[in-house]
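Peer 1: any chance you can model this:
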Amino acid sequence: MEINDLTPAEQRVWRAFSRGGTVDFRESDDPDPAGWGPERAVRGAVLRAALLNGPQQDGEIPALDVVGARITGRLDLQYATIDHPVRLRHCHFDEPPRCAAARLRELNLSESVLPGLVASSVHVDGALRMTRTRFDGVVRLGGAQVGGSLYLESARVDAPDAEEPVLQLNQASIGADLWAPGLRTRGQIRLNGAGVAGSVNLSDARLVHPEHAALDAETLSVEGDVRVRYAQVEGWVGLRGARIAGRLDLSYSRLSRPGESGLRASSCTVGELWLRGPAMEGTLNLRRTQTDVLFLEPAAVPDVVLLNGLVYASLMPHEPAEHRLPMLERDRDGYVPHSYEQLTGAYLRIGDEHAARFVQLAKQRRHRTTLPWYGRLWGVVQDATVGYGFRPLRAAAWLLSLLAVGSVVYGLHRPAPLKAGEAPDFNPVFYTLDLLVPVISFGQEGAFGPRGWYQWLSYVLVITGWILASAVVAGVSRSVSRQ
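Peer 2: Presented below is the predicted three-dimensional model:
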């Protein structure tokens, strides 16, 4: 392109490029590019020519720094190697820029309006800035390599009719942070297989893709935190197989997908998982996920959960077992013994043995509902007598009550000796103990024989004693094996 083909606006850009100067075309606050005249129009081909073969001055660092221009035509930098910073802020693009497989020093499109961006496999040595940028089409950054941070705070990506994800960052590699608080999207964000050396911030974001994945980040790898606080998500969030070294914080966010999965975070490895605030409208799927700290408020648990295989070392905040058990009862997989053992272990690690026993008792009662009728019957006996071994004082209460009844009855109606002159002195207390305790003999039961309904009472005491003894042995065995 010859220099005499340039318009006055393009000449300003061309001359400023050699010394890295800024060209600001803004003369008013009119945000509508329809009102921008030719004095603010710059062809994409001119910007390309400047970046590839622009003038240079000794002792100066060239840079393309344009503010408030209307970029007409296509800015095509595909496969190019650009050694100069590219800053196109507050600009309006008629066509999506093309930077696929290009190598750039720095790219700044902040507060600009674009109909899309084609930058798959782009390599940016420094930061990629798109702060408060508005995209009215698909942003293709799949496989991008960004040496610094990717800034998308308060950006908007609006392409609800697109048949592909509107923000594509799958397999992208980001050397610092993915910084996108306040991001607004209509369509899917895809982060499958992406790697972030720093943290991901999507706090205060509004992600809308009803009935589909609003954020699909399977096998995402993050060395820092993932913060999605106070966000509003219409659609499901997919994090299956993600690896997050720091905290996955979904506190006070509203995830809405009634009747379907709201959060799919199965098979994840997370340093800390925080769920606080209102319960999501949808299913919480944490199958096979491992985390050191699970910060889960009871009020944040939705009506349906999937917790089979969830492993956590610490459960916060500390709540009574009565507040935690409803979560396990909402598991769509039904009775999951592993979930009860995890909750028991969390209480034991902080020394709350009472809550741990309460959870184990609830586990046995839930297990009883899965047994055949005879198993359920025996379970009711163990529950009523000794609380499955977790309520040992119940057995003592039963024994003392029956001992009192037997002692009073046989004290008032002494049974006749079986062999006159050979029987020991009758003692109603030890006679009743002989009937109740099958492993101890005081010589009373074999020496006296009650008659009539007193004999039937002795049968009841013998049978009850055996049942109590069996329940106690089963409960003690369960407690010993658990410890």
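Peer 1: how about the nearest residue to Gly282 once chain neighbours are set aside, phi and psi?
Peer 2: Using Cβ to Cβ, 6 or more residues apart in numbering and skipping the chain neighbours, the partner closest in space to Gly282 is Gly262 (2.6 Å). From N, CA and C alone the C-beta is placed, and that goes for glycine too. Note on Gly262: backbone dihedrals following degrees, to the nearest 10 are phi -90, psi -40.
Peer 1: surely Gly262 meets Pro278?
Peer 2: No: using Cβ atoms under 8 Å, Gly262 makes no contact with Pro278, being 11.5 Å away.
Peer 1: those two: who's more crowded?
Peer 2: Gly262 (23 against 13; other Cβ atoms under 10 Å).
Peer 1: pLDDT score for that one?
Peer 2: Gly262 is assigned 89 on the pLDDT scale.
Peer 1: next one: Arg190
Peer 2: On the pLDDT scale, Arg190 gets 96.
Peer 1: contacting residues for it?
Peer 2: The contact partners of Arg190, by Cβ atoms under 8 Å, 6 or more residues apart in numbering, come to 142, 165, 167-170, 216-217.
Peer 1: Three-state assignment for Val380, please.
Peer 2: Under the three-state scheme (DSSP: H, G, I helix; E, B strand; the rest coil), Val380 adopts helix.
Peer 1: which non-adjacent residue is nearest it?
Peer 2: Excluding its sequence neighbours, the residue lying closest to Val380 (Cβ to Cβ, 6+ apart) is Arg368, at 7.4 Å.
Peer 1: what does stretch 214-224 rub up against?
Peer 2: Contact partners of stretch 214-224, identified using Cβ under 8 Å, 6+ apart, comprise 165, 177, 185, 188-200, 202, 207-208, 226, 233-246.
Peer 1: just to check, Gly449 is in contact with Pro415?
Peer 2: Yes: the criterion here is Cβ under 8 Å, and Gly449 meets it with Pro415 at 5.8 Å.
Peer 1: the more surrounded of the two?
Peer 2: Under the criterion of other Cβ under 10 Å, the comparison of Gly449 against Pro415 puts Pro415 first, with 20 against 15.
Peer 1: which ones are touching that one?
Peer 2: 426, 431, 448-451, 454.
Peer 1: do Arg12 as well
Peer 2: Contacts of Arg12 by Cβ under 8 Å, 6+ apart are Val23.
Peer 1: quick one: classify it as helix, strand or coil.
Peer 2: Recorded secondary structure, Arg12: helix (three-state DSSP).
Peer 1: so where is this structure shaky, pLDDT-wise?
Peer 2: Residues of the chain that meet the criterion pLDDT under 70 lie in 1-4, 28-35, 384-396, 421, 438-439, 442-445, 468-483.
Peer 1: that one: helices as residue ranges?
Peer 2: 8-17, 44-53, 321-329, 337-349, 353-368, 373-386, 392-412, 428-436, 453-482 (DSSP state H).
Peer 1: same for the fourth one, what does it pack against?
Peer 2: With contacts defined as 3 or more Cβ pairs under 8 Å, 6 or more residues apart in numbering; DSSP states H and E, helix 337-349 has these neighbours: strand 311-316, helix 321-329, helix 353-368.
Peer 1: can you redo the ones you listed as TSV with distance to Trp398 and mean neighbour count?
Peer 2: Formatted as TSV, the helices and strands packed on helix 337-349 follow (distance: least, Cβ to Cβ, whole Å; neighbours: other Cβ atoms under 10 Å):
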stretch	distance to Trp398	mean neighbour count
strand 311-316	35	17
helix 321-329	25	16
helix 353-368	17	19
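Peer 1: got these as TSV, with distance to Val146 columns?
Peer 2: TSV is the format used below for these (distance: least, Cβ to Cβ, whole Å):
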stretch	distance to Val146
strand 311-316	33
helix 321-329	39
helix 353-368	47
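Peer 1: who's in contact with Ala242?
Peer 2: Per Cβ under 8 Å, 6+ apart, neighbours of Ala242: 217-222, 248, 265, 268-270.
Peer 1: okay, it and Pro181: tell me how far apart.
Peer 2: 20 Å (Cβ to Cβ, to the nearest Å).
Peer 1: before we move on, back to that, isn't the residue nearest to Val380 up against Leu377?
Peer 2: No: taking contacts as Cβ under 8 Å, Arg368 lies outside contact range of Leu377: 9.5 Å.
Peer 1: bridge partners for Gly449, pull those for me.
Peer 2: Note on Gly449: beta-bridge partners Ala416, judged by DSSP bridges.
Peer 1: to clarify, my last question referred to Arg103.
Peer 2: Thr81, His123.
Peer 1: number of residues surrounding the nearest residue to Ser154 once chain neighbours are set aside?
Peer 2: Leaving aside its chain neighbours, Ser154 sits nearest to Gly182 (4.0 Å; criterion: Cβ to Cβ, 6+ apart). Neighbourhood size, Gly182 [other Cβ under 10 Å]: 18.
Peer 1: repeat that for Trp466.
Peer 2: By the measure other Cβ under 10 Å, the count of residues near Trp466 is 13.
Peer 1: how much space separates it from Leu377?
Peer 2: Taken as Cβ to Cβ, the span from Trp466 to Leu377 is 15 Å.
Peer 1: closest one of the contacts of Arg190 to Ser458?
Peer 2: Ala217 (71.0 Å; Cβ to Cβ).
Peer 1: give me the phi and psi for the closest one.
Peer 2: Torsion angles, degrees, to the nearest 10, at Ala217: phi -130, psi 50.
Peer 1: let the chain start at 35 from now.
Peer 2: Noted, 35 is the first residue going forward, which turns the last one into Ala251.
Peer 1: just give the number of residues close to it.
Peer 2: 27.
Peer 1: next: Glu198.
Peer 2: By other Cβ under 10 Å, neighbour count at Glu198 equals 11.
Peer 1: Ala134 too?
Peer 2: So Ala134, with other Cβ under 10 Å, has 20 neighbours.
Peer 1: touching, it and Leu175? I think so.
Peer 2: No: when contacts are counted by Cβ under 8 Å, Ala134 is not listed as touching Leu175 (9.9 Å).
Peer 1: who touches both of those two?
Peer 2: Common contacts of Ala134 and Leu175 (Cβ under 8 Å, 6+ apart): 153-154, 156.
Peer 1: take those residues and lay them out in a markdown table including neighbour count and distance to Gly445.
Peer 2: Below are the shared contacts of Ala134 and Leu175 laid out as a markdown table (neighbours: other Cβ atoms under 10 Å; distance: Cβ to Cβ, whole Å):
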| residue | neighbour count | distance to Gly445 |
| --- | --- | --- |
| Ala153 | 28 | 96 |
| Ser154 | 19 | 94 |
| Val156 | 26 | 96 |
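Peer 1: follow-up on the earlier one: residues touching the residue nearest to Ser188, list them.
Peer 2: 187-188, 237-239.
Peer 1: is it possible to get a markdown table of those that adds neighbour count and distance to Gly93?
Peer 2: Below are those laid out as a markdown table (neighbours: other Cβ under 10 Å; distance: Cβ to Cβ, whole Å):
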| residue | neighbour count | distance to Gly93 |
| --- | --- | --- |
| Glu187 | 20 | 36 |
| Ser188 | 19 | 38 |
| Ser237 | 19 | 44 |
| Asp238 | 19 | 45 |
| Ala239 | 27 | 45 |
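Peer 1: identify the farthest-apart pair in those residues.
Peer 2: The largest separation in these, counting by Cβ to Cβ, is between Ser188 and Ser237 at 11.5 Å.
Peer 1: got the contacts of Ala276 as a markdown table, with distance to Thr323 columns?
Peer 2: Formatted as a markdown table, those follow (distance: Cβ to Cβ, whole Å):
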| residue | distance to Thr323 |
| --- | --- |
| Ala251 | 14 |
| Glu252 | 13 |
| Thr253 | 14 |
| Leu254 | 14 |
| Ser255 | 15 |
| Val256 | 15 |
| Leu282 | 10 |
| Ala299 | 6 |
| Cys302 | 4 |
| Thr303 | 8 |
| Val304 | 7 |
